[in-house]
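*Asks:* Provide a 3D model corresponding to the input given below.
(2 chains)
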Amino acid sequence: MIYLLAGNPNVGKSTFFNFMTQSHVHVGNYSGVTVEKRVHHVKHYEGANLVDLPGTYNVSPASEDEGVVTYSLLNESYNGIVNIIDSTHLRRNLHLTIQLLELGVPSLLVFNLKDALRNNGYVIDIEKIKDSLRVNAISISARERHHDDQTQIASEMQNLRITKALELDYHHTIKWGIQRIHDLLRYDVIQVKKKWLALQILEGNEGIFKFLNLVKEDKIREVIKEVEDRIIEEKVAFSLKGAIFNTRREFIDKIVRESLIKVEEKEHSKYFNQKIDRIITHPKFGIPIFFVIMLAIYQVSFGKFLGVGSFLTNYFDIFWNDYLVLYLGEALEFLGLTGFMYGLLIDGVMGGVGGILVFLPQIVVLFFMLAILEGTGYMARVAIVMDRFLSKFGFNGKSIVPIITGFGCSVPAIMATRTIADKKERILTILTIPFVSCSARLPIYGLFVSLFFTEYRAIIILGIYILGIIVTLLSAKLLNLSYFKGAGSKFLLEVPPYRVPQLRTITYQALEKAKRFVKKAGTFILVDSFKFYSFLVI
Amino acid sequence: MNITDLKRDETARIVSLGKIDQIFNKRLMDLGIYESATVVMLNKLSSNRLYVIEVDDIEICLRKEDAELIEVRK
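*Replies:* Numbers count the residues shown, from 1 in each chain, chains lettered A, B, ... in the order given. From the prediction side, this is the model:
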């Protein structure tokens, strides 16, 4: 059995996925962290797999990421959909839900962030939702990881209702358009309901034309144009998409009015958020605050004062050279291995790999603190702070997240650029990210700095990093003046509420990145130390 | 008047998104900004260059040049 997990960005989808499958994917408090599709076994449900789709507001693709959702719905085989919903932002989240229910596939609605909603003074009447949408539904807090929730979700998934596709009362012109397109689709073999496909086509889902070779594509496009013109002419809405959107919004309004129940009067925390935002994103102090935070992070990771990273590295160094290498050497001597083999293993491999591994504690500390920043929601504020500055170089404020990720590793950084909606800005960010110093370069910097300098090491390392940033910015500017000349850019960011990050997720995130680093750097270094030592001796 | 004319914490109703191009309009809609929606000006940041607005409990940050295209009525 295969289930697709769909939901808006930043609603705790990855947390839910980890919770239900007991395996981790990268989790962050920033829209669009999940950029790859992942499949894992569902807990308490033998033989069921959950496919983690990228977060999307809409079935129809606005960015590459969201195209994955349309593609999966059209082309993959699945038995049901698990739709995760942020209970604190019902109105927006339900737009996707409506589109999925219109598809008529057995679905489970998971209303996440139950605790956050309760803190705002509200609860959701799940029975009401089940009744009015005729669908399985449950309300949970994925981050609290209640075992009961897990078993209940698994059992709901095993007993999904076979639902009739949800039909909203769209404007008669739209209904007419759906019928026309439905008729034109009769030559095509499609696994989803053609009515749904027709509505998606009217909504402007270009992914459908991209993923399916529709026989009557030209005719269908003519119908879209005609419906659009009539909608505007009849003053139903300013656009066809707007007309469809409005019908859904009215339906959602009704659902929310019926099922969102106020249980307590609460002062909304947003006023507190606003105050902090005003300080953190201050036009004068915002950037300095960001730099102070980054400097503090580098100081703790690489510096001497407050240097947790260096402290750990010291001990790791002692463990590696004074114990591991020593005893291994003795063991080899005991076995009678001397000469070339001894040198290869002790001086070559242990020396070479050790030279990199001693930096591991510092890197873990760095990753750990970056994960905290991401988890709190501060990164979104950094995007706001940096927008003005970065837009001068043709970047978008959102580019800051890939750039910061680039300090860890360029590969996930380039994948993270998918959240930048504007194609030009996305390509620009992708092209320039490799100039940002990734963590694999850190050992080299560390080696240089420890060879040539005795003081101010943290500041010098930070300096090398800043140099990387300057090169990144200048090359972006250069590209912006030449190849990407003239295109205007947009900045549109959903500001997440501040959240206290979970130690569990952060630790996992840091260790996972460190593991990847060891794997990648380790294998290269291992092979190179072999070669290097062999050349040296022969 | 457009959205940037609102003072902090003022509420208004969006009357037109007609000046905005289609692609950006779609992105606004995805985030829940639509004609007839009630909008609250939460914050003006970066020397009034960026605006944080709230529509249906969703907080969105946009640039001045885009915010100016959103027409509102108090």
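*Asks:* and A:Ile85, helix, strand or coil?
*Replies:* strand (DSSP: H, G, I helix; E, B strand; the rest coil).
*Asks:* where do the helices sit along chain B?
*Replies:* B:22-31, B:64-67 (DSSP state H).
*Asks:* which of these sits most buried?
*Replies:* helix B:22-31 (a mean of 19; mean count of other C-beta atoms under 10 Å in any protein chain shown). Heads up, the C-betas are built off the backbone N, CA and C, glycines and all.
*Asks:* and chain A, which of the helices of chain B is closest to it?
*Replies:* helix B:22-31 (3.7 Å; C-beta to the nearest C-beta).
*Asks:* chain center to that closest one, what's the gap?
*Replies:* For helix B:22-31, the separation from the chain centroid amounts to 12 Å (computed by C-alpha atoms, centre = their mean, to the nearest Å).
*Asks:* pLDDT (mean, whole number) over it?
*Replies:* Averaging pLDDT along helix B:22-31 yields 82.
*Asks:* go on, stretch A:461-475?
*Replies:* Rounded mean pLDDT across stretch A:461-475 is 88.
*Asks:* now do stretch A:370-377
*Replies:* Throughout stretch A:370-377, pLDDT has a mean value of 84.
*Asks:* which other helices and strands contact the worst-scoring helix or strand of chain B on mean pLDDT?
*Replies:* Ranked by mean pLDDT, DSSP states H and E, the weakest helix or strand in chain B is helix B:22-31, scoring a mean of 82. For helix B:22-31, the packing partners by 3 or more C-beta pairs under 8 Å, 6 or more residues apart in numbering or on different chains; DSSP states H and E come out as helix A:240-259, strand A:492-494.
*Asks:* ok, A:Phe389 touching A:Gly286?
*Replies:* No - contact status for A:Phe389 versus A:Gly286: not in contact, 9.5 Å apart, counting by C-beta atoms under 8 Å.
*Asks:* what about dumping the CA coordinates of the strand ranked longest in chain B to PDB?
*Replies:* Longest strand of chain B, by residue count under DSSP state E: strand B:38-45. Extracted in PDB, the C-alpha atoms of strand B:38-45 (Å, rounded to 0.1, in the frame of the first residue of the first chain):
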ATOM      1  CA  THR B  38      -9.200  41.800   5.200                       C
ATOM      2  CA  VAL B  39      -5.600  42.800   5.700                       C
ATOM      3  CA  VAL B  40      -3.800  44.100   8.800                       C
ATOM      4  CA  MET B  41      -0.600  46.200   8.500                       C
ATOM      5  CA  LEU B  42       1.500  44.500  11.100                       C
ATOM      6  CA  ASN B  43       4.900  46.000  10.600                       C
ATOM      7  CA  LYS B  44       7.000  48.300   8.400                       C
ATOM      8  CA  LEU B  45      10.600  47.200   8.300                       C
END
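*Asks:* OK, contacts around A:Leu344?
*Replies:* Listed by C-beta atoms under 8 Å, 6 or more residues apart in numbering or on different chains, the contact partners of A:Leu344 are A:530, A:533-534, A:537.
*Asks:* Dump these to CSV, plus distance to chain B and neighbour count.
*Replies:* Output for the contacts of A:Leu344, formatted as CSV (distance: C-beta to the nearest C-beta, whole Å; neighbours: other C-beta atoms under 10 Å in any protein chain shown):
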residue, distance to chain B, neighbour count
A:Phe530, 52, 15
A:Tyr533, 55, 20
A:Ser534, 57, 13
A:Val537, 61, 12
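*Asks:* mind showing which ranges of the stretch 351-500 of chain A have poor pLDDT?
*Replies:* Counting by pLDDT under 70, the stretch 351-500 of chain A contains low-confidence ranges at A:408, A:412, A:419, A:486-489.
*Asks:* Now do the same contact list for A:Cys409.
*Replies:* Per C-beta under 8 Å, 6+ apart, neighbours of A:Cys409: A:438-440, A:513, A:516-517, A:520.
*Asks:* for A:Cys438, that is, sorry about that
*Replies:* By C-beta under 8 Å, 6+ apart, the neighbours of A:Cys438 are A:406-410, A:413.
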